[in-house]
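Undergrad: Give me a model of this one.
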Amino acid sequence: MEQRFEIEMAVRDYECDLQGIVNNAVYQNYLEHCRHEFLDAIGLGFAQLCRDGIDAVVTRIEIDYRQPLRPGDRFTVALGMRRQGRLRFVFDQSIVRRVDGTTMLEAQVTAVLTRNGRPIAPDPLVAALAGKGWDL
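TA: Next comes the predicted model:
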């Protein structure tokens, strides 16, 4: 069974550039918002991580832009997760336009957990995921 989390969003006019499409940098905000909502949903909110002295740090983002979103478009931002080595984990994310199911973007966001600026094993994340029936 594929493990997936998703949220619905809509394009706001101010997120678009002069061409009338969502500015490419705004998509990273959409992806990040989904990751933060996901962490909250599994009981490991970003703010709580920080209070525990742990920072979740993005180390790489690879984005394939397929089609542009336009003002008023409603869309779903989804993610799945996988482990990459001992310390890194990857969020496989997509943005899909709701009206027709068109994939607008696909991304792989690689991250690590750090404490005092040094990478640590993602044990807190693994434990929170296990509590929700996810494997990492």
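Undergrad: Quick one: residues in contact with stretch 93-106.
TA: For stretch 93-106, the surrounding residues in contact (C-beta atoms under 8 Å, 6 or more residues apart in numbering) are 8, 27, 30-31, 34-35, 63-69, 73-80, 92, 107-109. Heads up, the C-betas are built off the backbone N, CA and C, glycines and all.
Undergrad: how does it look with 6 Å?
TA: 27, 31, 64-67, 69, 73-79, 107 (C-beta atoms under 6 Å, 6 or more residues apart in numbering).
Undergrad: Tell me where the model's unsure across this protein.
TA: Judged against pLDDT under 70, the low-scoring parts of the chain cover residues 1-3.
Undergrad: The residue positioned nearest the centre of the chain is in what secondary structure piece?
TA: Within the chain, one residue has its C-alpha closest to the average C-alpha position: by C-alpha atoms, centre = their mean, that is residue 35, at 3.5 Å. Assessed by DSSP states H and E, residue 35 sits inside helix 26-41.
Undergrad: Pull out the buried residues from that helix.
TA: Neighbour-count burial for helix 26-41 flags 26, 27, 30, 31, 32, 34, 35, 37, 38, 39 (criterion: 16 or more other C-beta atoms under 10 Å).
Undergrad: pull the CA atoms of that helix into PDB?
TA: Included here for helix 26-41 are C-alpha records, laid out as PDB according to Å, rounded to 0.1, in the frame of the first residue of the first chain:
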ATOM      1  CA  VAL A  26       5.900  29.900  -5.100                       C
ATOM      2  CA  TYR A  27       5.700  26.200  -5.800                       C
ATOM      3  CA  GLN A  28       8.400  25.600  -3.200                       C
ATOM      4  CA  ASN A  29       6.100  27.400  -0.700                       C
ATOM      5  CA  TYR A  30       3.300  25.000  -1.600                       C
ATOM      6  CA  LEU A  31       5.600  22.000  -1.200                       C
ATOM      7  CA  GLU A  32       6.900  23.200   2.200                       C
ATOM      8  CA  HIS A  33       3.400  23.900   3.500                       C
ATOM      9  CA  CYS A  34       2.400  20.300   2.700                       C
ATOM     10  CA  ARG A  35       5.500  19.000   4.500                       C
ATOM     11  CA  HIS A  36       4.700  21.100   7.600                       C
ATOM     12  CA  GLU A  37       1.100  20.000   7.600                       C
ATOM     13  CA  PHE A  38       2.300  16.400   7.300                       C
ATOM     14  CA  LEU A  39       4.600  16.700  10.300                       C
ATOM     15  CA  ASP A  40       1.700  18.200  12.300                       C
ATOM     16  CA  ALA A  41      -0.500  15.400  11.300                       C
END
